[in-house]
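below: sequence and its predicted model.
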Amino acid sequence: KELPLVNFTALGSNIGVVRCRRCRTYINPYAKFVDSGKKWLCNLCGNVNDVPGEYYSPLMGNGLRQDNAQRPELTHASCEFVAPPEYMVRPPQRPSYVFCLDVSASSVKSGFLAAACAGILSSLDKLPGEDRTQVAILTFDANVHFYDLKATQSQAKMIVCPEVTLRGGNNKDNLDDVLLPLPDDLFANLQDSLPIIKDLLQKIPTIFQNNTNVETAFGPTIVAAMKILSNLGGKLVAFLTGIPSIGAGRLQNRDDKRLYGTPKEKELFVSALQWYQDKALLCSKEQICIDLFLSSSQYIDNGTLGQLPKYTGGQLNYSKGFYPEKGDAMKLQRDIHRLLTRPTAFEAVMRVRCTGGVKITAFFGHFFVRGQDLLALPNVDSDKGFGICMQHLPNQTINSTTFCIQAALLYTSSDGERRIRVHTLCLPVSSQPVEIYRRIDVISTTELIAKLAIDATLSQSLEHARSNLFDTAVAIFKHVRAIVGNQAADQSQLILPEALRLLPLLVMCLIKHTTFRGEVDITPDERVACMARWMTTPLARSLPFLHPCLFDLLNVLNKEQPYGVKVVSAAALDSSRIYMLNNGSYLAVWVGRRVPQDVLKTVFGTDDPQQITTLADTDEVQPIATFIANMQEGGGAAGWPNVVLVREGSQTERVLFSRFLVEDEVGPTLSYGNFLCQLQTRITHVTAK
């Protein structure tokens, strides 16, 4: 939905954006106009501000301005302002994209390179910016290959530069020691050179089809791409299938399975080389966002490579191996298309302000914090979310009946317009904690608990994080019991406000999640990828990732409600039916061993369970196909979910399906019933002290 756009300069060239002189809050619907409309009262700090003459309007009897209905900034809590020239450090830059493609033997043989090229190719016509957009392409194995994409030639020209691999890239302060071929011609205007760029992307898999080089000069490629984008900013999209093995940024394989399940396992989740964080911070300064697509069945060190998107507002996409026959090629192409075509803001900074008496103590997401509270975001898009912790300062009272929070994002649109997007939230203040518990948003609370647990993992250990999750739930419920009172005669019952009824289940889901679960078969790369996703996925799209959803596909086929299965447990499964589980990463279609043959024939086109591969392409099965397609399209930040077929009793059932039945006892974890008993026992024990 388009937000209303406000242009204050239309009222006068000198008016600027109307803001509080003291705290710099933007004018919003919760500000109050006083003194016959000549002044306005800031709803965050209480300061009384003069109303610019050009912005003045008399007040009506109800205290509202006479032009209130015509002023979107006074009627919409979310709106955008056109930024005046003083909000620009430099003119808005054109959308610029550099694609860095791994052409090593593993990338070629797995089909990853071909799928990556196809994904970019399918997105070129839909890149934002129209005639302003420019593109550069690099490929790499042991060497870095550049391409001259000028529109005046019949095809792209490759330039191989071994010296880029061997020299430069270690200076964290500048890129002056990196020498580029054709420094002024590596970027091409997308519209002018579109036929040449498309031709090159079609040919790259063929050019390198017999490549036997297994080395990856990833670091030098990143440095070269940074050099191309320096002074411009933009998006750097890199593809990699093996641990960087040559040149600057070279990494060693530090995957030591002896550390799994020990306090030292956390060392595998953090960066092994400062070089990557240094380059990421330099990119943030240069307004360069780095998005990574990583795929390897071997250790690739997400803990180190993940520093690049972490500090530049980017996205870490990881798959454990690449198997086109299982749908990975389609998934990669869809994920690339989503990343390149979703609404994106460039050269952004964000600041969050709140009512006095409360301070912001922590930010969560992918960004770099400048100063104390300014989030630097070279790119920010519709698939990104942020978490913020606030603390009520001791011995300070909120002297108001409302508490206000305002987030302001200054950014450049893909059309080259500098804008300020402002969201203002106003909440009632109560001195009764019970009122807060009755209105708590349990999903937001769980998401924030997850982010805090990730911090605990990185600073202490996975075991400590799991303990923190459980102890946090105990502390909340202990406090609720003390305030609300346990009205049950039987103290063994856990009585909770309606808003918190799901919290025990969701905390248990966190403890069982791939991110935190205490099993040694989960690799560090998998855990780090999950951590990155927790830190960035918007709230609305994270629920299946937290609590898998189970659907009865035969009800979908027959259009019989309900489609959803309330209890995600093996006890809810009927062997004569077909179910689908959405775990936020893929869609697992479970086929019971007693499904009638005629149903198998209708749904899958075969009555032999061993021959099932995909849905039948018939009108009769269209309700299921549409249901699955809608769920795939809604993947958003989570990526395009593949469909995985799982037969009851098969060898893959536990790994792909059963381990996500979160209300059951899975591995070392408790069933939901036993978890509730353990939780109640701990609460009773703690309360009795």
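Arrived safely, thanks for sending. Residues are numbered from 1 along each chain as shown.

helices of the stretch 151-300 of the chain, start to end?
Assigned by DSSP state H, counting those that start in this stretch, the stretch 151-300 of the chain shows helices spanning 162-166, 190-207, 218-229, 274-285.

residue ranges with poor pLDDT in the stretch 551-689 of the chain?
636-637, 689 (pLDDT under 70).

try it again at 90.
For the stretch 551-689 of the chain, applying pLDDT under 90 flags the ranges 633-639, 666-669, 683-689.

now the stretch 51-200 of the chain
The model of the stretch 51-200 of the chain has pLDDT under 90 over residues 85-86, 88-91, 130, 161-185.

export the helices of the stretch 151-300 of the chain to JSON lines and tack on distance to Arg517 and mean neighbour count?
Quick note: C-beta positions are derived from backbone N, CA and C, even for glycine. Shown next, in JSON lines, are these (distance: least, C-beta to C-beta, whole Å; neighbours: other C-beta atoms under 10 Å):
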{"stretch": "helix 162-166", "distance to Arg517": "40", "mean neighbour count": "18"}
{"stretch": "helix 190-207", "distance to Arg517": "38", "mean neighbour count": "17"}
{"stretch": "helix 218-229", "distance to Arg517": "30", "mean neighbour count": "26"}
{"stretch": "helix 274-285", "distance to Arg517": "27", "mean neighbour count": "20"}
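
so which of those helices comes closest to Met580?
Met580 lies closest to helix 190-207 among those, at 33.5 Å (C-beta to C-beta).

output the contacting helices and strands for that closest one.
The contact analysis (3 or more C-beta pairs under 8 Å, 6 or more residues apart in numbering; DSSP states H and E) places helix 190-207 against helix 112-123, strand 134-140.

so how far is whichever helix or strand comes after the shortest one off the chain centroid?
By that I understand strand 134-140. Using DSSP states H and E, the next helix or strand after strand 134-140 towards the C-terminus is strand 144-148. Between the centre of strand 144-148 and the centre of its host chain there is 31 Å, according to C-alpha atoms, centre = their mean, to the nearest Å.

export only the CA atoms of strand 144-148, formatted as PDB.
Extracted C-alpha coordinates of strand 144-148, given in PDB (Å, rounded to 0.1, in the frame of the first residue of the first chain):
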ATOM      1  CA  VAL A 144      38.900 -12.600 -11.200                       C
ATOM      2  CA  HIS A 145      37.300 -12.100 -14.600                       C
ATOM      3  CA  PHE A 146      35.900  -8.700 -15.700                       C
ATOM      4  CA  TYR A 147      33.600  -7.900 -18.600                       C
ATOM      5  CA  ASP A 148      33.400  -5.000 -20.900                       C
END
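
strand partners (parallel or antiparallel) of it?
According to DSSP bridges, strand 144-148 has the following sheet partners: strand 134-140 (antiparallel), strand 157-161 (antiparallel).

save these as TSV, and put in mean neighbour count and distance to Arg438 too.
Listed next are the strands paired with strand 144-148 as TSV, based on neighbours: other C-beta atoms under 10 Å; distance: least, C-beta to C-beta, whole Å:
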stretch	mean neighbour count	distance to Arg438
strand 134-140	25	53
strand 157-161	15	64
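
in the longest helix out of those in the chain, what's buried?
Using DSSP state H, we find that the single longest helix of the chain is helix 462-484. Using 16 or more other C-beta atoms under 10 Å as the test for burial, helix 462-484 gives 462-466, 468-470, 472-474, 476-477, 480-481, 484.

thinking again about what came up before, so which of the helices of the stretch 151-300 of the chain is nearest Val591?
Proximity to Val591 (C-beta to C-beta) singles out helix 190-207 among the helices of the stretch 151-300 of the chain, at 35.2 Å.

can you name the residues bridging to Gly387?
With DSSP bridges as the criterion, Gly387 is bridged to Phe364.

related to what we said a few turns ago, let me have the helices of the stretch 151-300 of the chain in a markdown table, extended by distance to Glu519.
Shown next, in a markdown table, are the helices of the stretch 151-300 of the chain (distance: least, C-beta to C-beta, whole Å):
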| stretch | distance to Glu519 |
| --- | --- |
| helix 162-166 | 39 |
| helix 190-207 | 37 |
| helix 218-229 | 30 |
| helix 274-285 | 28 |
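
out of those helices, which gets nearest to Pro91?
By C-beta to C-beta (comparing all of the helices of the stretch 151-300 of the chain), the closest turns out to be helix 218-229, at 16.3 Å.

how much does the closest one deviate in direction from strand 157-161?
Put simply, helix 218-229 runs at 120 degrees to strand 157-161, going by axes from the mean of the first three to the mean of the last three C-alpha atoms, to 10 degrees.

by contact count, what packs against helix 218-229?
The contact analysis (3+ C-beta pairs under 8 Å, 6+ apart) places helix 218-229 against strand 96-102, strand 134-140, strand 144-148, helix 162-166, strand 234-240, helix 274-285, strand 288-295.

now find how far off-centre that helix is within its chain.
On the basis of C-alpha atoms, centre = their mean, helix 218-229 sits 24 Å off its chain's mean C-alpha point.

again with stretch 659-673
That offset, for stretch 659-673, works out to 27 Å (C-alpha atoms, centre = their mean).

how long is it end to end?
Stretch 659-673 has an end-to-end distance of 17 Å (criterion: C-alpha to C-alpha, to the nearest Å).

any buried residues in it, and which?
For stretch 659-673, the neighbour count (16+ other C-beta under 10 Å) marks Arg659, Phe660, Leu661, Val662, Glu663, Asp664, Glu665, Val666, Thr669, Leu670, Ser671, Tyr672 as buried.

go through the residues you listed and name the one nearest Ile440.
Nearest to Ile440 among those is Tyr672, at 20.8 Å by C-beta to C-beta.

so what's that closest one closest to, chain neighbours aside?
Glu663 (4.1 Å; C-beta to C-beta, 6 or more residues apart in numbering).

who's in contact with that neighbour?
Taking C-beta atoms under 8 Å, 6 or more residues apart in numbering, we find Glu663 in contact with Leu505, Val567, Val568, Ser569, Ser671, Tyr672.

what is the burial count for Asp381?
Close neighbours of Asp381, defined as other C-beta atoms under 10 Å, add up to 21.

all helices for the stretch 451-600 of the chain, in order.
Counting by DSSP H, counting those that start in this stretch, the helices of the stretch 451-600 of the chain are 462-484, 503-512, 524-536, 543-546, 553-557, 597-604.

got the angle between the longest one and helix 503-512?
With the same axes, to 10 degrees as the basis, helix 462-484 and helix 503-512 are set at 170 degrees to each other.

what does helix 462-484 contact?
261, 263, 265-266, 433-434, 437, 449, 452-454, 456-457, 494-497, 500, 503-504, 507, 510-511, 516, 518, 679, 682-683, 686-687.

next one: the third one
Applying C-beta under 8 Å, 6+ apart, the set of residues contacting helix 524-536 from outside is 255, 265, 268-269, 296, 299-303, 306, 309-310, 315-316, 318, 320, 364-366, 383-385, 387, 447, 450-451, 454, 457, 513-515, 542, 545, 637-638.

got it, and the shortest one?
Residues from elsewhere that reach helix 543-546 (C-beta under 8 Å, 6+ apart): 443, 446-447, 450, 506, 509-510, 513, 533-534, 537, 549, 582-585, 638.

distance between that helix and the chain's centre?
Centroid separation for helix 543-546 versus its chain: 13 Å, with C-alpha atoms, centre = their mean.

that one - what's its average pLDDT?
For helix 543-546, mean pLDDT rounds to 93.

got the CA positions of it in PDB?
Output of helix 543-546 as PDB, limited to C-alpha atoms (Å, rounded to 0.1, in the frame of the first residue of the first chain):
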ATOM      1  CA  LEU A 543       5.600 -17.500  12.300                       C
ATOM      2  CA  PRO A 544       6.000 -20.800  10.300                       C
ATOM      3  CA  PHE A 545       9.700 -20.600  10.900                       C
ATOM      4  CA  LEU A 546       8.900 -20.400  14.700                       C
END
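
Asn333 and Ala118 touch, don't they?
No, residue 333 isn't Asn; it's Gln. Yes. With contacts counted by C-beta atoms under 8 Å, Gln333 reaches Ala118, the gap being 5.4 Å.

strands along the stretch 301-450 of the chain, start to end?
For the stretch 301-450 of the chain, strands defined by DSSP state E, counting those that start in this stretch occupy the ranges 316-319, 344-354, 358-364, 368-370, 374-381, 387-392, 402-412, 418-428.
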